[in-house]
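Engineer: Sequence first, predicted model second:
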Amino acid sequence: MKIIVLDGHTLNPGDNPWDDVARLGELVVHDRTPPEQVVQRAAGAEIVLTNKTVLGADAIGALPALRFIAVLATGYNVVDVAAARRRGIPVSNVPEYGTSAVAQHTLALLLELCHRVGDHARAVADGAWSRAPDFCFWLAPPVELGGRTIGIVGLGRIGRRVAALAHGFGMRVIANAMSRREPLDYPGFAWRSIPELFAEADVVSLHCPLTGDNARFVDRTLLGRMKPGALLLNTARGGLIDEPALAAALAAGQLAGAAVDVLSSEPPHPDNPLLHAPNCVVTPHIAWASLPARRTLMAATAHNIAAFLAGNPINVVNGQPGKY
């Protein structure tokens, strides 16, 4: 069984061996694969693993030996799952591996906006404290989270963990989700429509998947509903936000700040407006990347492949497992 990894460097930059996957077949790992080499490198492979390398309909159609696609992530928008389904190729993802890591990073972004720890540390290193006439100084008053409202868009595993952490800081939680069957047992918790949530929340945090229906849904109109002192967080997918609209809203003071770990194109073009927007913190898609999370992802991917080889694929995102 030939197994090809199209872009393995981020999962294993040297500290997370492929041993569990290698036991399942003849493994070839490419650190990165440019679009024009996808078909060439995947030729003859029965199993292809991808993280962010796109496997579109044309590529899937050009790989007659392909039998299974494993996505090295939770989000699977890089694969044309409908084209794979038409070929009878199951596509599996890893639905849970970085819940704690992503939620922790989300709160790190929020706390950075509230306290500007990095800016203050740099100012101290540049001598600002030594020159100060008082025992302390601040570039902006710290923001307390207790008593404020966080609005969470997407109440899956990560969204619920973020809610728990925010609740621990004394925040009230409101949410919007496709399924409202399991409300959170926190005082003041309430479901809200998207427009209501953006208007009411002091902090909005995105934790929903990117689909054809919600691309760039955080647009000028929705941003215009936010309070002038509100904050926006995104550790989900960059394509959820109209980036020029957010940059313009920040420049106009329509909201107090934004912090994102994802952008619409990664790595971003140098002229991405959020890279230079005021009061905007951008981190390089690292929320998922703790070593424990990556080890869990590696083990779960091997489990997905083993289940497919046993004739019972799991975590299938493009059809019922029993159909394959």
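Structural biologist: Right, received. Where do you want to start?

Engineer: can you give me the helices in the chain?
Structural biologist: Remark: helices assigned in the chain by DSSP state H are 19-22, 38-42, 57-61, 81-86, 99-115, 117-125, 128-131, 157-168, 194-200, 220-223, 243-251, 291-309.

Engineer: list the helices and strands the fourth one packs on?
Structural biologist: Counting by 3 or more C-beta pairs under 8 Å, 6 or more residues apart in numbering; DSSP states H and E, the packing neighbours recorded for helix 81-86 are helix 57-61, strand 91-92. Yep, even glycine has a C-beta here, placed from its N, CA and C like the rest.

Engineer: Please identify the most buried of those.
Structural biologist: Of the helices and strands packed on helix 81-86, the one with the most neighbours on average (mean count of other C-beta atoms under 10 Å) is strand 91-92, at a mean of 26.

Engineer: what is the mean pLDDT for stretch 83-101?
Structural biologist: The pLDDT scores in stretch 83-101 average 96.

Engineer: Would you map out the domains in the protein?
Structural biologist: The record's domain parsing of the chain by automatic domain parsing lists 2-97+291-323, 99-282.

Engineer: For the residue nearest to residue 253 when sequence neighbours are not counted, give its distance to residue 2.
Structural biologist: Leaving aside its chain neighbours, residue 253 sits nearest to residue 228 (6.4 Å; criterion: C-beta to C-beta, 6 or more residues apart in numbering). From residue 228 across to residue 2, the span is 57 Å (C-beta to C-beta, to the nearest Å).

Engineer: who touches the residue sitting nearest the centre point of the chain in this structure?
Structural biologist: Geometric centre of the chain, nearest residue: residue 236, 3.1 Å, by C-alpha atoms, centre = their mean. Shown in contact with residue 236 (C-beta atoms under 8 Å, 6 or more residues apart in numbering): 154, 206, 207, 208, 209, 210, 262.

Engineer: Scan the residues you listed and report the most crowded one.
Structural biologist: Counting neighbours by other C-beta atoms under 10 Å, residue 207 leads the contacts of residue 236 with 27 neighbours.

Engineer: quick one on the thing from earlier: go through the contacts of residue 236 and flag which are in strands.
Structural biologist: Secondary structure defined by DSSP state E assigns residue 206 of the contacts of residue 236 to strands.

Engineer: need the contacts of residue 236 in a markdown table with pLDDT and distance to residue 10, can you?
Structural biologist: A markdown table is the format used below for the contacts of residue 236 (pLDDT from 0 to 100; distance: C-beta to C-beta, whole Å):
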| residue | pLDDT | distance to residue 10 |
| --- | --- | --- |
| 154 | 97 | 23 |
| 206 | 98 | 21 |
| 207 | 97 | 21 |
| 208 | 95 | 22 |
| 209 | 89 | 20 |
| 210 | 90 | 19 |
| 262 | 98 | 14 |
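
Engineer: Do I have it right that residue 24 meets residue 308?
Structural biologist: No: the pair residue 24 and residue 308 does not pass the contact test of C-beta atoms under 8 Å, sitting 9.4 Å apart.

Engineer: start to end distance for stretch 57-72?
Structural biologist: With C-alpha to C-alpha, to the nearest Å as the measure, stretch 57-72 spans 19 Å from end to end.
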